[in-house]
Each structure stands twice: as C-alpha cells, then as structure tokens.
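Chemist: Predicted model and sequence follow; I will ask about them next.
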Amino acid sequence: MKLSSLSIVFILGVAVGLLLASDYNRITPQAHAQEKPSPTLESLAAEIEAIKGRLPDQAHAMADVGYQFSNLWFAGQKENWPLAEFYWKETKSHLNWAVRIIPKCKDSAGREIDLVAILQALENSPLKDVGDAISAKNKPEFETSYRLTLEGCYACHKASDKPFIRPQVPGEVDTNIITFGPKADWPR
C-alpha cells in the first residue's frame with residue numbers, strides 16, 4: 001500500500017502534536033506553579049470586593065420586584081391565570097434575591113431590621129394568599145390579597161425607614177410587549 005504525501009504529512013503532524021501535548025502536560029503544572037503565587041487573605045478580600053462592586057444592588061432587585069408585581073396585577077385583571085402564576089413566582093424569586101443582597105439593615109435609631117423575617121411573614125400570609133387566589137382562579141380574592149400584599153410591602157418600607165417608597169396598584173402597563181389577555185387575544 002502506497003501512502004500519499006498528504007497522508008504522510010498528516011501522520012507526522014499527529015505524531016508531533018501528541019509529542020508536544022505530552023511534553024506540555026508534563027511541564028505545565030510546574031510552570032503554572034512558578035507563574036501564579038498562592039492567593040493570600042488580602043488578595044482574596046480584594047477580589048471579593050471587586051466582585052461585589054460588579055453585582056446589582058438591592059434597589060436594582062427591588063425595581064425588578066416592582067416590574068414583576070405590576071405585571072402580576074394586569075395578568076390577574078385579565079384572568080390570565082398561567083401568566084399570573086408566572087409573575088407571582090417571579091415576584092417571590094426577586095424578593096428573595098433582594099433580601100439575599102441585604103438580609104438585615106438598621107433604621108435611623110440604629111435598631112437592626114431583619115428583612116428575612118419580614119419577607120417570611122409576607123410570603124406566609126398575603127403573598128401566599130395571592131398564589132392561592134391564582135390557583136383558584138378567583139379574581140375578587142386575587143385583588144384583595146394583592147392589595148394586602150402591597151400593605152405588607154409598605155410595612156417593610158416603613159420599618160426600613162423608607163416610608164416615602166409607597167407601592168400602589170399599578171394604573172397602566174409599563175411595557176406593551178406582553179399580552180395580558182387570554183389566549184384568544186394573542187396576536188398571530
């Protein structure tokens with residue numbers, strides 16, 4: 001069997017590549033150990049601070065909560081219960097995100113405010129009732145529990161010395177990209 005010159009070049013290339021790869025794997029760990037010093041507590045602390053500076057703050061997470069909770073209202077008003085359930089779950093998820101960012105804060109008197117406990121109370125009562133109303137497809141109960149959840153949100157804002165952040169039932173849709181109506185209203 002006669003090999004073409006292209007086949008010979010290919011076989012030689014594979015052999016050289018394997019040889020170089022085995023040599024690289026043998027040398028690389030030692031080279032990396034020499035190039036990169038072990039991290040110190042100071043360098044790790046600096047890296048953590050740099051990462052923290054790139055993360056969204058609680059105000060960003062709460063803006064997302066407002067978006068999700070507003071859309072929840074409109075989905076419930078149109079009785080699009082699957083969409084309402086989606087926005088209800090997103091609201092809960094984003095509230096938890098906001099509280100993970102700042103789980104405790106201090107009021108103007110220096111007292112510690114446990115935002116985790118406040119969120120748990122909100123999730124176990126009015127926000128849970130919103131989910132129950134969605135499951136039952138009960139619009140009047142949905143509206144009542146939605147408004148009670150807003151009151152719970154405002155109680156948290158007041159406890160955190162932010163009484164000027166007063167949530168309300170939204171008056172109009174913030175974005176026009178989502179269709180809140182039932183499936184029959186969907187564009188084709």
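Modeler: On my side now, so go ahead.
Chemist: Dihedrals phi and psi, residue 147?
Modeler: phi -60, psi -40 (degrees, to the nearest 10).
Chemist: Leaving out chain neighbours, which residue sits closest to it?
Modeler: Leaving out its chain neighbours, the residue that sits closest to residue 147 by Cβ to Cβ, 6 or more residues apart in numbering is residue 169, at 6.7 Å. Placement of C-beta: from N, CA and C, glycine included.
Chemist: residues of the helix or strand hosting residue 149 that come out buried?
Modeler: Per DSSP states H and E, residue 149 falls inside helix 139-159. Buried residues in helix 139-159, defined by neighbour count with 16 or more other Cβ atoms under 10 Å: 139, 141-143, 145-146, 148-150, 152-154, 156-157, 159.
Chemist: ok, now stretch 72-82?
Modeler: For stretch 72-82, by 16+ other Cβ under 10 Å, it's 72-81.
Chemist: swap in stretch 123-138?
Modeler: 123, 126-127, 129-131, 133-134, 138.
Chemist: what does stretch 61-68 give?
Modeler: Of the residues in stretch 61-68, 61-62, 64-68 count as buried by neighbour count, 16+ other Cβ under 10 Å.
Chemist: Now that residue 174 has come up, it's in contact with residue 68, right?
Modeler: No - the criterion here is Cβ atoms under 8 Å, and residue 174 misses it with residue 68 at 10.6 Å.
Chemist: Would you map the strands across the chain?
Modeler: For the chain, the strands defined by DSSP state E occupy 104-106, 112-114.
Chemist: can you give me the helices for this structure?
Modeler: 5-35, 41-52, 58-77, 81-101, 115-124, 126-136, 139-159 (DSSP state H).
Chemist: circling back to that earlier point, now render the buried residues of stretch 123-138 as a markdown table, adding distance to residue 39.
Modeler: Formatted as a markdown table, the buried residues of stretch 123-138 follow (distance: Cβ to Cβ, whole Å):
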| residue | distance to residue 39 |
| --- | --- |
| 123 | 39 |
| 126 | 46 |
| 127 | 42 |
| 129 | 49 |
| 130 | 46 |
| 131 | 45 |
| 133 | 51 |
| 134 | 48 |
| 138 | 56 |
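Chemist: Just the pLDDT at residue 185, thanks.
Modeler: Residue 185 carries a pLDDT value of 62.
Chemist: Spit out the contact partners of the residue lying closest to residue 146 once chain neighbours are set aside.
Modeler: Nearest residue to residue 146, sequence neighbours excluded (Cβ to Cβ, 6+ apart): residue 130, at 5.7 Å. Residues in contact with residue 130 (Cβ atoms under 8 Å, 6 or more residues apart in numbering) are 72, 88, 142, 145-146, 149.
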